[in-house]
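Visitor: Test case, fold it:
(2 chains)
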Number of protein chains: 2
Amino acid sequence: MLLCHSIFLFLIFFFSVKANGDIQKFEKSSHQLLDYIIKGNGSVIAYEWLSNLVDEFGPRHLGSENLDKAIEYVVHGLINDGFDNVHTEEVPDLPKWVRGDDVVEMIEPRVQRLKALAIDGCPPADLTAEAVVLTDFQELKDHNVSGKIVVFAQKWIGYSKTLKYRRAAYTVQELGAVGVLVKSIAPNSFATPHTGSGARGSRIPALTITSEEADMLKRISNRGKKITIHLSIKSHPDGTVSSRNVLFEIRGSERPSEVVLLSAHIDSWDVGQGALDDGGGCAAMWNALFALKQLADSNPVFVPKRTIRVAFWTAEEQGLIGARYYYESHKNDSHERFVFASETDQGAFKPLNWFSSLEFAGTKAQKKRLNGIVEIINKYGIPLSILINDKQGDVQPWADEGIPTVNYLPDRGREHYFLYHHTDADYINVFEDGDLEYTAAIFAVVAHIVANTEDVL
Amino acid sequence: MLLCHSIFLFLIFFFSVKANGDIQKFEKSSHQLLDYIIKGNGSVIAYEWLSNLVDEFGPRHLGSENLDKAIEYVVHGLINDGFDNVHTEEVPDLPKWVRGDDVVEMIEPRVQRLKALAIDGCPPADLTAEAVVLTDFQELKDHNVSGKIVVFAQKWIGYSKTLKYRRAAYTVQELGAVGVLVKSIAPNSFATPHTGSGARGSRIPALTITSEEADMLKRISNRGKKITIHLSIKSHPDGTVSSRNVLFEIRGSERPSEVVLLSAHIDSWDVGQGALDDGGGCAAMWNALFALKQLADSNPVFVPKRTIRVAFWTAEEQGLIGARYYYESHKNDSHERFVFASETDQGAFKPLNWFSSLEFAGTKAQKKRLNGIVEIINKYGIPLSILINDKQGDVQPWADEGIPTVNYLPDRGREHYFLYHHTDADYINVFEDGDLEYTAAIFAVVAHIVANTEDVL
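Guide: Next up is the predicted model:
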């Protein structure tokens, strides 16, 4: 028994050393790659790439000309860059929804137009009703909301936990409410309401309002005053539309059928520029692959053995539709298989401290090997940790299939990101020097190692 | 000679000890006052006072019903509070200007409506012209701006130094420009343009745009693309109007004709709630006087020997008009004289660090005595310093006359304040626990000591 135990421990140790041994040998090339992107010729270009995209095409809402033109422009650039297999894949039957010139106005106890953004799917309406201001779903029990507009002035307790209020229309319409106004899902606001999904198929109008005005309505209501609100909503669903995922890659030199997938999403909401969400993710992933390609031109160490593919998903904002469609379309492909998948959609920010992490789904052994990669990045002076997270956004289908997946969550992706997310303030100004470059550099290293080791992750 | 010198030094020492000796004896009562406002029954009420004002009446723009109603409401409350000499004084012939539904739209190289706020005095217009994007006044030399719309995407170098760009209309109209768009005078923006004064009498439309969009226009222009902008401006001057300064006081028990003046301004721009600028200043000054009054009811130590008067000025935003009118109306009054004047208009924030200061104009001896007061406040654990500043805003006329004046500049009054200033984001949410109370407490102590010492300041 003791002997068995010793052999077992020896085997763990042996495979552990072997497992990460082949990763450690990439330290030199990885640091070259980090140098190249962060300090060398690989820098700055991501910011230019992104500013061209967002300034010249504006926000890229599903169903808009902007999105179609932006995809056309991006593809043209990728072909000029000389990437392999640059192409788009159509995603059909997407739910088109058009924002109108919506008016939300408090008319009692005094007249004030409220800043509001309709929630995706919100139907048109023209109605006036008394408002009931609540702070959570529990309070619905104690109020008759029939014929009323429900205002939720809920507390921010982090994005994922507060998000359900943006979907409140489905709950309150069953109780007879005629509309719902939801405090923006954000830690704070600067007179900027935050849009998002959450009302597709709703029968009643559903809009977000600013934190400031939601709190104001709550205070007025607490004073026992009757609040009446008029809604004139022109936003409306508008049938279906198709869009396209964008794909490009560096073909693997030895195992081209094994694919290392990096991704971000090209579509955005119709407010701001869609720079943070998620133009920056696209720019960083583009920069990662472009740097690898440029280095590979003169140094074979950087030619990946496996294929490194980048996907810019479409219709992410309507529910991760582009990525899922791609997964379903290719899961039975016999000529290639995915060995790794990642997404960057929570701010392409430079890691400033150890709250920055790669959120990981996979086996313990894979985590151990990812740890070897992160150690190489840490040795360069970049704070980055690994956290287990089974929520993997766009690459969830890959995670569910057992393929190791990674989501990038920099420190500013936790709270700061949500100040700008889905608002008119989502402009390229959110990025500071180094943000896009560091994000690109981290993923360039991850892809470089995963594409070249014997055991992948 | 040596003897003379010794006598001189002794006299300085003697008068210095004497000068501050009578201030030091107020330490106990001052700390009682600080306790009462910060921790006792004197707390929280300022926030309630302010939220009632801003929620129930909204922003208080000169010439609006909101402002008139708010003044009426405030006066009613002050009478109920039992203050002495509560009254208003009319300020006639004020320049009324009305914001319209203004549209600023980039139409080349693509169509995008820009977020903009007309600058006070901006005349109506309907025109389309090519834009010339500049970063400073110097660049005007190298560009023909005749028939063009000048866009200034200047760098933020602090409020007072950047402010001149909001007044650019006067300069560029002389060069033949047909309009001017100015990047908001702010360290940053969140899709929120910042309004303000600077176009009264201008012949050409003048508006501020967001930092994000000014920077975008600059980048597009740098790419050599022609930018064309359409302006449809409905804002317009609208004759004159009168408004009212609000005055109230605790009458001095021994020297009622000597007046210690605390002030803030009741009017605001028409955006946001006017909570930061300057509802908070009013709330804090009200709280200071209310606390003194409450304590005085049961403890004669707090009955001021001199009169402590609070003024809420009107038409501050149009150029400190209310305060100046009051000064001019009363400077020749023979029955009373001002011994001290102060203003709070740069954020009624709690001091968090030693960048918080009382900006002071007066003699060295007065500064020394003010220092004695500040030391008492410091001993309580509040970081606060004194800085010499001959810019005294609303109380400038008093400073110019040689009366000691103080402006409150908390640490967050330096940059943070200007994120919200003159924007839709100027809501009561900018204030955190303790902000209004600490501001009130500081001025309550200053007024308490200045009103009761032998030598004033």
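Visitor: residues from the stretch 301-450 of chain A in reach of chain B?
Guide: Contact residues (Cβ under 8 Å from any Cβ of the partner chain) of the stretch 301-450 of chain A with chain B: A:419-420, A:423-425, A:427-429. The C-beta positions use only the backbone N, C-alpha and C, and glycine is treated the same way.
Visitor: one more time with 10 Å
Guide: Within the stretch 301-450 of chain A, the positions adjacent to chain B are A:419-420, A:423-430 by Cβ under 10 Å from any Cβ of the partner chain.
Visitor: Give me the subset of the residues you listed lying in helices.
Guide: A:419-420 (DSSP state H).
Visitor: Show me the beta-bridge partners of residue A:343.
Guide: residue A:407 (DSSP bridges).
Visitor: Spell out which parts of the stretch 151-300 of chain A neighbour chain B.
Guide: A:188-192, A:210-213, A:215-220, A:222-223, A:225, A:271-273, A:275.
Visitor: Weed out the non-buried ones from the residues you listed.
Guide: A:188-192, A:210-213, A:215-220, A:271-273, A:275 (16 or more other Cβ atoms under 10 Å in any protein chain shown).
Visitor: coming back round to it: so which of the residues of the stretch 301-450 of chain A next to chain B comes closest to residue B:348?
Guide: Set against residue B:348, the nearest of these by Cβ to Cβ is residue A:419 (23.6 Å).
Visitor: Distance-wise, check residue A:214 relative to residue B:187.
Guide: 26 Å (Cβ to Cβ, to the nearest Å).
Visitor: same question, residue A:53
Guide: Taking Cβ to Cβ, one finds residue A:53 at 26 Å from residue B:187.
Visitor: Count the residues that sit near residue A:56.
Guide: As a burial measure, residue A:56 scores 18 neighbours (other Cβ atoms under 10 Å in any protein chain shown).
Visitor: Surely it touches residue A:428?
Guide: No - at 11.8 Å, residue A:56 and residue A:428 do not qualify as touching, with contact defined as Cβ atoms under 10 Å.
Visitor: who touches both of these two?
Guide: Residues touching both residue A:56 and residue A:428 (Cβ atoms under 10 Å, 6 or more residues apart in numbering or on different chains) are B:216, B:219.
Visitor: hmm, back to that, out of the residues of the stretch 301-450 of chain A next to chain B, which is most surrounded?
Guide: residue A:426 leads those on contacts (other Cβ under 10 Å) with 31 neighbours.
Visitor: Wait, it touches residue A:269, no?
Guide: Yes - with contact defined as Cβ under 10 Å, residue A:426 counts as touching residue A:269 (7.6 Å).
Visitor: Which residues are in contact with each of the two?
Guide: By Cβ under 10 Å, 6+ apart, the residues touching both residue A:426 and residue A:269 are A:59, A:194, A:277.
Visitor: Would you mind giving the residues you listed as a markdown table with pLDDT added?
Guide: Listed next are the shared contacts of residue A:426 and residue A:269 as a markdown table, based on pLDDT from 0 to 100:
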| residue | pLDDT |
| --- | --- |
| A:59 | 98 |
| A:194 | 98 |
| A:277 | 98 |
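Visitor: Selection in PyMOL covering whichever of these are buried, please.
Guide: Typed into PyMOL, the line below selects the buried ones among the shared contacts of residue A:426 and residue A:269, using 16+ other Cβ under 10 Å:
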select buried, chain A and resi 59+194+277
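Visitor: TSV please, covering the shared contacts of residue A:426 and residue A:269 and showing distance to residue A:248 and secondary structure.
Guide: Below are the shared contacts of residue A:426 and residue A:269 laid out as TSV (distance: Cβ to Cβ, whole Å; DSSP: H, G, I helix; E, B strand; the rest coil):
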residue	distance to residue A:248	secondary structure
A:59	23	coil
A:194	32	coil
A:277	21	helix
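Visitor: ok, of the shared contacts of residue A:426 and residue A:269, which one's closest to chain B?
Guide: Closest to chain B out of the shared contacts of residue A:426 and residue A:269 is residue A:59 (9.2 Å), distances taken as Cβ to the nearest Cβ.
Visitor: Neighbour count: residue A:214 and residue B:187, which is higher?
Guide: For the pair residue A:214 and residue B:187, the greater number of neighbours falls to residue A:214 (24 against 17), based on other Cβ under 10 Å.
Visitor: how about that one, phi and psi?
Guide: phi -60, psi -40 (degrees, to the nearest 10).
Visitor: who's in contact with it?
Guide: Residues near residue A:214 by Cβ under 10 Å, 6+ apart: A:114, A:133, A:135, A:151-154, A:181-184, A:189, A:193, A:208.
Visitor: ok, so of the residues you listed, who is nearest chain B?
Guide: residue A:189 (7.7 Å).
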